[in-house]
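# Got a predicted structure here, sequence first:
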Amino acid sequence: MVASMASMATRFRTRAMVNLCYLAVVFCAFLVPSFAELQRIEHPTKSDASLSFLVVGDWGRKGFYNQSEVAFQMGRIGEKLDIDFVISTGDNFYDNGLEGVYDPAFRESFTNIYTAKSLQKQWYSVLGNHDYRGDAEAQLSPILRRIDKRWLCLRSFVLKTEKVEFFFVDTTPFVDKYFTEPDYTYDWRGVEPRKTYLANLLKDLDTALKKSTAKWKIVVGHHAIRSVGHHGDTPELIKFLLPILKANNVDLYINGHDHCLEHIASLDSSIQFLTSGAGSKAWRGDLKLHDNHAVKFVYDGQGFMSVKMTENSALIAFYDVAGKVLHKWKISKQLHSAI
């Protein structure tokens, strides 16, 4: 009898331990972000497999600082190129992101500004550092997609077309200073623990790039890897992200963050670094030109960028606030040449 009771007690203890372990696993699953695979989205291309899109960043100022003027020219160029979609490189809403999913700033800075017929296409967006100062998860919410069906913002994801794959990367959590700044509060829900988040993101990006069979690989983030603008290079991205891009033969890295337009060629790879962060407020005269970069073009005013791609070539153009072409660049798998 005593032995039986002892055996029963042992079984209860064992079952209790199993239950505790199960609860611990479940609890940790909620605490640690899981990135088994980057979310994939497919976008159809035209019948001839060509692809055209616009890129704009750092724009959300309720029409001020020439945001409305830039939007007008985007509409004009978008119609001319028959664009398939628009890419936003982050800092979508100033100064401190959105306060929630029903913040009127969403309509005031997005829906009511980009009204041209040609811009009524899907917008693919990433978060910038200013977006993280508000309710970052509001911008990721499907509620915003119901308010304006064009809107799609995710932390990191893959956009697949017939010949081109875009890899959108959440770059803000890489930057050390945002975790120590005393003057701002950031919404790190879904990011912490930071080391786990970044390790998983880098691993999954590398895996996605390796698996890609696309002829063109384009990576999009908010922060610059190479820049001669106000913020300059981002050391954390040079250390952690750039080696992955080089190893996987990425063609273009597109970003915002610096409020200017830039085209910089890599000195040790075929990557072209393109900045389009001039959607509203620009920083005139705030450039840090030096000999460490192969700068092909830089402009310190407002504007945006277009890309028109075929199977074998991509034509990239930068425009100012009046819609004037400032710089064109043609890239192919065989040859790079300025126009």
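All right, it came through fine.
# what sits against residue 287?
228, 229, 230, 260, 298, 300 (CB atoms under 8 Å, 6 or more residues apart in numbering). From N, CA and C alone the C-beta is placed, and that goes for glycine too.
# for residue 70, same thing?
56, 59, 278, 279, 280, 302, 303, 304, 321.
# which SS class is it?
helix (DSSP: H, G, I helix; E, B strand; the rest coil).
# Could I get the pLDDT score of it?
We note a pLDDT of 98 for residue 70 in this prediction.
# what are the ranges of the strands in the stretch 1-150 of the chain?
Using DSSP state E, counting those that start in this stretch, the strands of the stretch 1-150 of the chain run over 39-42, 51-56, 85-88, 122-125.
# one step back: quick check: of the contacts of residue 287, which lies closest to residue 42?
residue 260 (32.5 Å; CB to CB).
# And residue 268, what's its pLDDT?
For residue 268, the predicted pLDDT is 93.
# Equivalent analysis for residue 320, please.
pLDDT, read off for residue 320, is 98.
# What separation do you get for it and residue 276?
Distance of residue 320 to residue 276, given as CB to CB, to the nearest Å: 12 Å.
# now residue 113
Residue 113 is 17 Å from residue 276, by CB to CB.
# Repeat that for residue 88.
9 Å.
# overlap in contacts of these two?
Residues touching both residue 88 and residue 276 by CB under 8 Å, 6+ apart: 55, 56, 57, 256.
# Would you map the helices across the stretch 201-339 of the chain?
Remark: helices assigned in the stretch 201-339 of the chain by DSSP state H, counting those that start in this stretch are 235-240, 242-247.
# Would you map out the domains in the protein?
Domain assignment for the chain by automatic domain parsing gives 1-31, 35-338.
# Now tell me which of the ones you listed the model trusts least on average.
Lowest mean pLDDT of these: domain 1-31, a mean of 40.
# so what's in contact with residue 320 and residue 276 at the same time?
The contact lists of residue 320 and residue 276 share residue 303, where a contact means CB under 8 Å, 6+ apart.
# Same drill for those two, tell me which one is more crowded.
Using other CB atoms under 10 Å as the criterion, residue 320 and residue 276 rank with residue 276 on top: 29 against 20.
# isn't that one right next to residue 53, touching?
No: checked against CB atoms under 8 Å, the pair residue 276 and residue 53 is beyond contact range at 11.1 Å.
# Could you give the number of residues near residue 111?
14.
# give the contact list for it.
Counted by CB under 8 Å, 6+ apart, residue 111 has contacts 147, 148.
# could you redo the last one with a cut-off of 6 Å?
residue 148 (CB atoms under 6 Å, 6 or more residues apart in numbering).
# Can you report how many residues lie near residue 284?
10.
# Report the contact partners of it.
If you count contacts by CB under 6 Å, 6+ apart, residue 284 has them with residue 300.
# and if you look at residue 263?
274, 296, 297, 329.
# ditto for residue 250
Applying CB under 6 Å, 6+ apart, we find residue 250 in contact with 217, 219, 271.
# beta partners of the second one?
In this case it means residue 219. Per DSSP bridges, the residues bridged to residue 219 are residue 167, residue 253.
# ok, it to residue 297 distance?
Distance from residue 219 to residue 297, by CB to CB: 20 Å.
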